[in-house]
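K.L.:
This is the structure alone, sequence omitted:
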């Protein structure tokens, strides 16, 4: 294959590309005409990028973030980065951690460099305890009941709601709306 064939193939691929699924996807407007956007962001860098873009597009709007962490190990590994990013949002809502086949035993054997954090994690009895420990650093709310998410989606009267998850929350929201 020569360079012209490569260029032609690349051009054809780009022209037929429709979009990335679940990247800044407008799902719905609630009854108060508040936009509800979903995004696959589940890493602190992705989350920060999404929030930057939301702030730029909706500069004069309040951002309501609903974030479902994906994997307990990732919550521990990137805790400081998540906390830094989530502090940009007033009262973020963290929905239960999507553990992706992890067990508490897996988390107990995970190497944690911070002795203070290791002692905190080793004393946890459930992933919800980890979620609560996590959100306490972010000045937000940790919820495990999807009814709380439904209430937020329907009752929010201003701003923009952003849902970031690589877990089951996106599917639950789509089913609800």
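P.N.:
It's in. Being a predicted model, the structure only gives us computed values, none of them experimental.
K.L.:
In space, what's closest to residue 124 - neighbours in sequence excluded?
P.N.:
Once flanking residues are discounted, residue 124 sits nearest to residue 130: 5.4 Å by CB to CB, 6 or more residues apart in numbering. (C-beta placed from N, C-alpha, C; glycine too.)
K.L.:
Other residues contacting the helix or strand encompassing the one you found?
P.N.:
With secondary structure defined by DSSP states H and E, residue 130 is part of helix 127-136. The contact list for helix 127-136 (CB atoms under 8 Å, 6 or more residues apart in numbering) reads 69, 72, 75-76, 79, 82-83, 92, 94, 96-97, 99, 102, 104, 107, 120-121, 124, 141-142, 144.
K.L.:
mind running it again at 10 Å?
P.N.:
By CB atoms under 10 Å, 6 or more residues apart in numbering, the residues outside helix 127-136 that reach it are 67-69, 72, 75-76, 79, 82-83, 86, 91-99, 102-104, 107, 117, 120-121, 123-124, 126, 140-144.
K.L.:
Please apply the same query to stretch 168-175.
P.N.:
Contacts for stretch 168-175 (CB under 10 Å, 6+ apart): 22, 25, 27-28, 36, 38-40, 66-68, 70, 95-96, 98, 100, 146, 149-150, 153, 161, 163-165.
K.L.:
at 7 Å what do you get?
P.N.:
For stretch 168-175, contacts defined as CB atoms under 7 Å, 6 or more residues apart in numbering pick out 22, 27, 38, 68, 95, 98, 146, 163.
K.L.:
Distance of the fourth one relative to residue 55?
P.N.:
This points to residue 68. Here the criterion is CB to CB, to the nearest Å. By it, residue 68 lies 21 Å from residue 55.
K.L.:
which of those two has more neighbours?
P.N.:
The residue with more neighbours, out of residue 68 and residue 55, is residue 68; 22 against 14, by other CB atoms under 10 Å.
K.L.:
ok, the more buried one touching residue 95?
P.N.:
Yes: using CB atoms under 7 Å, residue 68 is in contact with residue 95, at 4.3 Å.
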